[in-house]
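# Quick one, fold the following:
(one chain, ligands or ions: 1)
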Amino acid sequence: MSQWILGIDLGTVNSCVAVVKDGRAVMLSDDSRTTIPSCLAFQRGQEIVGHAAKRHGVTDPQNTISAAKRLLGHSFDSPEVQDALERTSYPIRPSPLGSVLIEVDGRELTPIQVSASILQRLREVAELALEEPATKAVISVPAHFTDVQRKATKLAGEYAGLEVLRLINEPTAAAFAYGYRKATDFKLAVYDLGGGTFDITVMTAEGDCFRVDATDGDSYLGGEDFDNAILEWLIEEFKSEHGHDPSGDESARGRLIEAAEKAKIELSELEETQIELPFITQLPDQSRPNFSRVLTRQKLSALTQPLIQRTLELCGNCLEAAGIISEDLDEVLLVGGQSRMVAVRDAVREFFGKEPRRDINPDEVVAMGAALFGYSLSADDFKLEEQAAAAEAYALARQDTAIARKLLNEVEKLRADSIDDDALAERLETLLEETEADGTSGRMDDIELEPPPDDELSGAVDSLRDELMQLRGKAGAVMSGISEELSDELADEITRNEQAEAPKDSTIDRAAQRLNERLESAVEASESARTHLEKADQHGSARKVKLTDVASHALGIASVSDLFTVLIDKNVPIPVAKERIFTTNQDNQTEVAIRVFQGVAERASENQFLGEFVLEGIPPAARMEPKIEVTFRIDEDGILSVQARDTRSGLKQGIRVEDPLQLQQPAGGEAEKEPSSPPAD
Ligand code: AMP
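Numbers count the residues shown, from 1 in each chain. The predicted structure follows:
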């Protein structure tokens, strides 16, 4: 069974995959590029993903899906999707259930399906590089990802044929990659500015415990916004030069946005860069002008200042939530491709008052951390698997050794009997048949194949190997002795009788060959047992880190009058379970609607709706009498389940929004069914 656990960074713009090999995290790639664009397109009806899809997007943007992560787990009406409608070049429309459908190449795809295709591609890249199947994965998600977005990511992993062992928050994964090999305690901030999202996280490592102290972020702030800021400027420049808005021309827009991103990336190395776009678009007079502009670092910084300032605001909130000031931090890590921008680095340095770390590749650190986390989670299982494989190989080695020993003993006995040559040949023949049968039946009656306990296995393998060495030497001497004797006699016989055949010689050769085969197989199996034991040791010494993350959002339910009651506060450590008692607000009310939201607004309807269910069959009683216990539980993946129980009847109902495609906005208008808080005692 393959033991690889893929660490996958499923990014808005780029994605990548890593594994732990010999205790170290390594990136996997199908060529020399370790990241692939998170793009999907269709070319002559064939799905293409990654670099090829991104290239395709330059000429056919309407049929190329990029940044689908921004749509993942959102309803069509959500502000995020409405905002995306303005920017995406491919058509998006609502499904009958209110979720998002993307239309490309005459097909309809959900954001989950797009993510699944990208994950599938990463899996292929990994399997090609490893030359083995790899089906287990830890996938990273932005820290502020909502419950539905997390479920959607997990589902995409399952569609891609992956067993998703865990979701890990991207900044946590980065901190893991940084701190896994560190012996000292530390406190750090991870500033993660990717293609589509921003997260800031404060973490503490104490011994083998990694703890997230606080996290904050914005799911709609990333590199693409920087590209768009440049795009807007280019459009304005074009308009003032030619009096014509080029943004209606999809192809021109695609080229402008590509040029904007390219220029932005170049400015991380250069002070200024030239943007050249020949024959960019057709003007009303049918001409196709060339368009060129110089973009300087300074201009880029000015264009994107509001975006950078917004990230710093969130950094301030996060430090406050963690109850620290920037001087308390040992390190600041920069993660995400967009953090390479010079003005971003400068702003981070100034804000935190220390040089942010640049020695870790911001594009790869998250996948590496996810892989290390998966490895740390599974090292004990790997150790057990290797031990079992070692015990199996040891049993094989013992069986082969026993057969070889028996064969050798019998041959020696025959030799001691000094019977005549024909009889010797005949008995050797019978003996070979017997040992053959022992070998194929897989068992020898007279040996104990039960392997020794794990802690004695290593010693047992070593003594077996010693025994094998001796047996090999002895077998060599005995067999060549017999062979010589027989050859001499045979030579005499041939001299006496020209017709003499050579049955004895070939019989002894076969016996020697059989003996050798058994011994070689025993040596091979004992070597394999040794290798498995060494791997078991290696896994056994892997650092097992305990990771505590926090809830990235406040979660609660709507009670009467659209009042939002929080059950789980933002930044509480997870996994966590919290209960609260609610009651009915009408006499003889037999059902209550539990509507779950996330957010901090006092009015429930201003928060993000996550799901709802109705607890029915409450025995009739006066208002405020029933006691309905609502329990919120967040698991290690940050996924929420909610349960309501009528404490008198024991009646229970629960939800886990398993399939976010079913996502719907709350029906509303049923306020009388919502629970209320019981009167204070
Ligand atoms: P990620 O989601 O972490 O892969 O980040 C991708 C984003 O980083 C994209 O918006 C890229 O344009 C941006 N990016 C990548 N490299 C650079 C660079 N050298 N300078 C500025 N932005 C970059």
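
# only C-alpha atoms for contact and neighbour calcs from this point on.
OK.

# so what's the spatially closest residue to residue 631 that is not a sequence neighbour up against?
If the residues on either side of it in the chain are set aside, residue 631 comes closest to residue 579, at 4.2 Å by C-alpha to C-alpha, 6 or more residues apart in numbering. With contacts taken as C-alpha atoms under 8 Å, 6 or more residues apart in numbering, residue 579 has the following neighbours: 567, 629-632.

# Same list, the residues you listed, but as TSV with neighbour count and pLDDT please.
What follows is these, written out as TSV (neighbours: other C-alpha atoms under 10 Å; pLDDT from 0 to 100):
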residue	neighbour count	pLDDT
567	18	95
629	17	93
630	22	93
631	19	94
632	21	93
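
# picking up where we left off before, gap between the residue nearest to residue 631 and the ligand?
Residue 579 sits 37 Å away from the ligand, taking C-alpha to the nearest ligand atom, to the nearest Å as the criterion.

# Tell me if that residue really is in a strand.
Yes: assessed with DSSP: H, G, I helix; E, B strand; the rest coil, residue 579 lies in a strand.

# Now the contacts of residue 579 in CSV, please, with extra columns for distance to the ligand and secondary structure.
CSV is the format used below for the contacts of residue 579 (distance: C-alpha to the nearest ligand atom, whole Å; DSSP: H, G, I helix; E, B strand; the rest coil):
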residue, distance to the ligand, secondary structure
567, 32, strand
629, 42, strand
630, 38, strand
631, 36, strand
632, 32, strand
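
# what two of those have the greatest distance between them?
567 and 629 (11.5 Å; C-alpha to C-alpha).

# where do the contact lists of those two overlap?
Any residue near both residue 567 and residue 629 by C-alpha under 8 Å, 6+ apart counts here, and that gives 579-580.

# ok, residue 130 - contacts?
With contact taken as C-alpha under 8 Å, 6+ apart, residue 130 is in contact with no other residue.

# where along the stretch 201-350 of the chain do the strands fall?
Under the criterion DSSP state E, counting those that start in this stretch, the stretch 201-350 of the chain carries strands at the ranges 209-218, 272-277, 291-296, 331-335.

# and if you look at the stretch 551-681 of the chain?
Along the stretch 551-681 of the chain, counting by DSSP E, counting those that start in this stretch, strands occupy 555-559, 563-568, 573-574, 576-582, 592-598, 608-615, 628-634, 640-646, 652-655.

# Same list (those strands) but as CSV, adding distance to residue 457.
Written out in CSV, the entries for those read as follows (distance: least, C-alpha to C-alpha, whole Å):
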stretch, distance to residue 457
strand 555-559, 52
strand 563-568, 50
strand 573-574, 40
strand 576-582, 42
strand 592-598, 54
strand 608-615, 53
strand 628-634, 42
strand 640-646, 44
strand 652-655, 48
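
# ok, and which of those has the densest surroundings?
strand 555-559 (a mean of 27; mean count of other C-alpha atoms under 10 Å).

# which residues of the chain score low on pLDDT?
In the prediction, the chain carries residues with pLDDT under 70 at positions 1-2, 415, 417-422, 424-425, 435-436, 438-451, 482-508, 654-673, 678-681.

# Show me the longest helix that occurs in it.
The longest helix of the chain (DSSP state H) is helix 365-416.

# Quickly check: that one near the ligand or not.
No: Helix 365-416 lies apart from the ligand when judged by C-alpha under 6 Å from any ligand atom; the minimum separation is 8.9 Å.

# what is the orientation angle of that helix with strand 331-335?
Orientation of helix 365-416 against strand 331-335 (axes from the mean of the first three to the mean of the last three C-alpha atoms, to 10 degrees) gives an angle of 90 degrees.

# Tell me the residues of this protein that contact the ligand?
11-14, 194-195, 223-224, 261, 264-265, 268, 336-338, 340-341, 363.

# how does it look with 8 Å?
Contacts of the chain with the ligand, taken as C-alpha under 8 Å from any ligand atom, map to 11-15, 35, 192-197, 222-227, 261-262, 264-269, 335-342, 362-363.

# So which of the residues you listed sit within helices?
Members of those lying in helices (criterion: DSSP H): 223-227, 261-262, 264-266, 342.

# domain ranges for this protein?
Taking automatic domain parsing as the reference, the chain has its domains at 1-181, 224-305, 380-540, 551-658.

# got the ones you listed as TSV, with distance to residue 371 columns?
Written out in TSV, the entries for these read as follows (distance: least, C-alpha to C-alpha, whole Å):
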stretch	distance to residue 371
domain 1-181	4
domain 224-305	27
domain 380-540	14
domain 551-658	15
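
# from these, which stretch is densest packed?
Mean neighbour counts were compared across those using mean count of other C-alpha under 10 Å; the top stretch is domain 1-181, at a mean of 21.

# returning to that earlier point: got a markdown table for the strands of the stretch 201-350 of the chain, with distance to residue 394 too?
Below are these laid out as a markdown table (distance: least, C-alpha to C-alpha, whole Å):
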| stretch | distance to residue 394 |
| --- | --- |
| strand 209-218 | 37 |
| strand 272-277 | 65 |
| strand 291-296 | 67 |
| strand 331-335 | 47 |
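
# nearest to residue 602, of the ones you listed?
Residue 602 lies closest to strand 209-218 among these, at 19.4 Å (C-alpha to C-alpha).

# Is it correct that residue 601 is in contact with residue 566?
No: look at residue 601 against residue 566 with C-alpha atoms under 8 Å: they stay out of range, at 9.9 Å.

# returning to what we had before: now flag whichever of the ones in helices among the residues of the chain next to the ligand is closest to residue 455.
The nearest member of these to residue 455, counting by C-alpha to C-alpha, is residue 223 at 53.4 Å.

# Could you check how far the closest one is from residue 67?
11 Å (C-alpha to C-alpha, to the nearest Å).

# Next one: residue 475 from residue 513, what distance?
Residue 475 sits at a distance of 11 Å from residue 513 (criterion: C-alpha to C-alpha).

# which residues touch residue 111?
68-69, 71-73, 100-102.

# one more time with 6 Å, if that's ok
Residues counted as contacts of residue 111 (C-alpha atoms under 6 Å, 6 or more residues apart in numbering) are 68, 72.

# Looking from the ligand, tell me which residue of the stretch 451-600 of the chain is nearest.
Of the stretch 451-600 of the chain, the residue with the smallest distance to the ligand, taken as C-alpha to the nearest ligand atom, is residue 552 at 19.6 Å.
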